[in-house]
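# fold the following and give me the result.
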Amino acid sequence: MLPVSERRACRVLGQHRSTQRWTLKDDADEQRLTADIIALAKDYGRYGYRRIHALLERAGWQVSLSVVERIWRREGLNVERRAKLTPLAG
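Model (predicted):
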C-alpha cells in the first residue's frame, strides 16, 4: 500500500475511483449459463429470450433478464419462424 489515500492517488493519475473497486466475475458461471441458454433455445425454437429467462429461473438460475438478453444477442440467437400452414385439399 502507498502512504497516500486512494482519492489522492486516483486524482494524480486522472483515473476515476470507481474503477479501483471493479472486480471480474467468474467466467465459468457465465459459460455454463450460455450453454444452458443455447440448449434451451435449440429445444424450444419458438421461445424468445424472455421465456427462456423464465425457464432458467425455474431451473434454479438467479439471473436478470438483461443478462439473458445480452447473451442472447451475443450468441446471435433468434426465434424460429412459424411454419406456413397449407390449406387442406378438399
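
# going forward, measure contacts and count neighbours with C-alpha atoms only.
Will do.

# buried stuff in stretch 69-82?
Within stretch 69-82, the residues that qualify as buried are Glu69, Ile71, Trp72, Leu77, counting by 16 or more other Cα atoms under 10 Å.

# just the ones of those in strands?
When the buried residues of stretch 69-82 are checked against strands (DSSP state E), there are no matches.

# what about those residues, which are in helices?
Counting by DSSP state H, the part of those found in helices is Glu69, Ile71, Trp72.

# grab the most central residue of the chain for me.
Residue closest to the average C-alpha location in the chain (Cα atoms, centre = their mean): Val67, at 3.0 Å.

# would you mark the buried spots in the lengthiest helix in the chain?
Once the chain is assigned using DSSP H, the helix that runs over the most residues is helix 27-43. Residues Leu33, Thr34, Asp36, Ile37, Ile38, Leu40, Ala41 are the ones in helix 27-43 that count as buried (16+ other Cα under 10 Å).

# for the fourth one, list the residues it contacts.
For Ile37, the set of contacting residues under the criterion of Cα atoms under 8 Å, 6 or more residues apart in numbering consists of Ile52, Leu56, Val68, Trp72.

# Leu77 versus that one, what's the distance?
Distance of Ile37 to Leu77, given as Cα to Cα, to the nearest Å: 9 Å.
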